[in-house]
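Quick check, what structure comes out for this input:
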Amino acid sequence: MIKMETRKPRTIKGFLQKEAVCGYIFSSPFIIGFFAFTIIPMLYSLFISFCSFRISSAPVWIGWGNYIRMFTEDPRFIKSVTVTLYYVLISVPLKICFALVVAFMVTRRTRLASFYRSLYYLPSLIGGSIAVSLVWKELFAVNGVVNKFLALLGKGEPIEWLGHPSYAIWVLVLLTAWQFGSSMLIFAAGLKQIPESYYEAAQIDGASSLQQFFYITLPCLSPVIFFNLVMQTINGFMNFTQAFVITKGGPMDSTLFYALYLYYSAFNYFEMGYASAMAWVLLIMVAVVTALIFKSSGRWVFYEAKGGN
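Predicted coordinates:
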């Protein structure tokens, strides 16, 4: 007689004990949140970007109308793009340079090195907050500390730092450059990874400190510089809080950053469809700029070969 094997009935407990099932169960909060709060809102914003949509009315499909209006009928959009590009081109290199200089200072072997790192990192923790933006606004007010200090030096008339189109953008640039803490810590970690033997060999060959910086430090730090450049460029395009609190985009739209104008379009003018179209254009702009940085990295970023060769 042939003995028939009987299958054990599948139970819920046995099903849940499978390794793959357990993995999906534990990661399900992230998966659900990712789709609920990222993918679905993105797809919906893509849909309404092709619609004329106000909060008080239902979306009406208009095709490419928002995008055509953006580039042909809205001078403030062009102004916001110009201001944002100008801000990014100035603030990002300035911030990286400050971070690199301070990283050199804090990596020197002193007893207070840890204290210096914490002190310089503090601006990055609080620099993006509304409270610090308000303090910065008071510092550069007509009767603020900056003008009072200039008066002590013999400067006659107080300068309207926040009321002049040529000066207001520089107030925000200085605030951004002051927030170099995170970049500084990354640079400091990169500097510690450079072998001391490189500098010792260069000193034996008679290389000066400047030559060591350009021929050893910068090439070895180029991957770190590349990372900071990408991250700070993306953050620069998304700058909002400082301009919203300090200048409100003025005077004469001289600080009308792209993210700030997007906010005004959505929550001041209630043009949700137009604001969604602006958001997707911003995504494309950031992707293009990031791709150009990655494309150029092959010419100036140097990675150590495997095996130390």
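
all contacts plus neighbour counts: C-alpha atoms, from now on.
Fine.

Contacts for the helix or strand where Val135 lies next, please.
Assigned by DSSP states H and E, Val135 falls within helix 130-139. If you take C-alpha atoms under 8 Å, 6 or more residues apart in numbering as the criterion, helix 130-139 is touched by Ile126, Gly127, Gly144, Val145, Val146, Leu162, Leu175, Thr241, Gln242, Val245, Ile246.

Neighbour-wise, which one of these leads?
Highest neighbour count within these: Gln242, with 27 neighbours (other C-alpha atoms under 10 Å).

What sits closest to it if chain neighbours are left out?
Ser133 (5.7 Å; C-alpha to C-alpha, 6 or more residues apart in numbering).

gap between that neighbour and Phe98?
If you measure Ser133 against Phe98 using C-alpha to C-alpha, to the nearest Å, the figure is 20 Å.

Compare the two (neighbour count), which wins?
A direct count of neighbours by other C-alpha under 10 Å for Ser133 and Phe98 places Ser133 higher, at 22 against 17.

Where does the prediction get shaky in the chain?
Applying pLDDT under 70 to the chain flags residues 1-20, 109-114, 116-129, 305-309.

Can you add distance to Leu282 and secondary structure and give the contacts of helix 130-139 back as CSV?
Output for the contacts of helix 130-139, formatted as CSV (distance: C-alpha to C-alpha, whole Å; DSSP: H, G, I helix; E, B strand; the rest coil):
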residue, distance to Leu282, secondary structure
Ile126, 26, helix
Gly127, 24, coil
Gly144, 35, coil
Val145, 36, helix
Val146, 35, helix
Leu162, 26, coil
Leu175, 23, helix
Thr241, 17, helix
Gln242, 19, helix
Val245, 21, helix
Ile246, 23, helix
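
with those residues in mind, which one is nearest to Ser91?
The closest of those to Ser91 turns out to be Leu175 (C-alpha to C-alpha; 9.2 Å).

now that closest one: how far from Pro223?
As judged by C-alpha to C-alpha, Leu175 and Pro223 stand 26 Å apart.

So which of the contacts of helix 130-139 is the closest to Met272?
Of the contacts of helix 130-139, the one sitting nearest to Met272 (C-alpha to C-alpha) turns out to be Thr241, at 20.2 Å.

Check the gap between that closest one and Val173 for me.
13 Å.

Save the contacts of helix 130-139 as JSON lines, and put in distance to Ala202 too.
What follows is those, written out as JSON lines (distance: C-alpha to C-alpha, whole Å):
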{"residue": "Ile126", "distance to Ala202": "40"}
{"residue": "Gly127", "distance to Ala202": "39"}
{"residue": "Gly144", "distance to Ala202": "49"}
{"residue": "Val145", "distance to Ala202": "47"}
{"residue": "Val146", "distance to Ala202": "45"}
{"residue": "Leu162", "distance to Ala202": "49"}
{"residue": "Leu175", "distance to Ala202": "38"}
{"residue": "Thr241", "distance to Ala202": "46"}
{"residue": "Gln242", "distance to Ala202": "44"}
{"residue": "Val245", "distance to Ala202": "50"}
{"residue": "Ile246", "distance to Ala202": "48"}
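
quick one: the strands in the protein?
51-52, 60-61 (DSSP state E).

from the middle of its chain, how far away would the first one be?
In this case it means strand 51-52. 30 Å (C-alpha atoms, centre = their mean, to the nearest Å).

Report all helices and strands that that strand contacts.
Contacts defined by 3 or more C-alpha pairs under 8 Å, 6 or more residues apart in numbering; DSSP states H and E place strand 51-52 against strand 60-61, helix 65-72, helix 272-300.

Tell me which of these sits nearest to Ala151.
helix 272-300 (42.2 Å).

angle of the closest one against helix 65-72?
Here the directions of helix 272-300 and helix 65-72 differ by 60 degrees (axes from the mean of the first three to the mean of the last three C-alpha atoms, to 10 degrees).

buried sites along helix 272-300?
Met272, Gly273, Tyr274, Ala275, Ser276, Ala277, Met278, Ala279, Trp280, Leu282, Val286, Thr290 (16 or more other C-alpha atoms under 10 Å).

Likewise for stretch 81-101?
Buried, per 16+ other C-alpha under 10 Å, within stretch 81-101: 81, 83-85, 87-88, 91-100.
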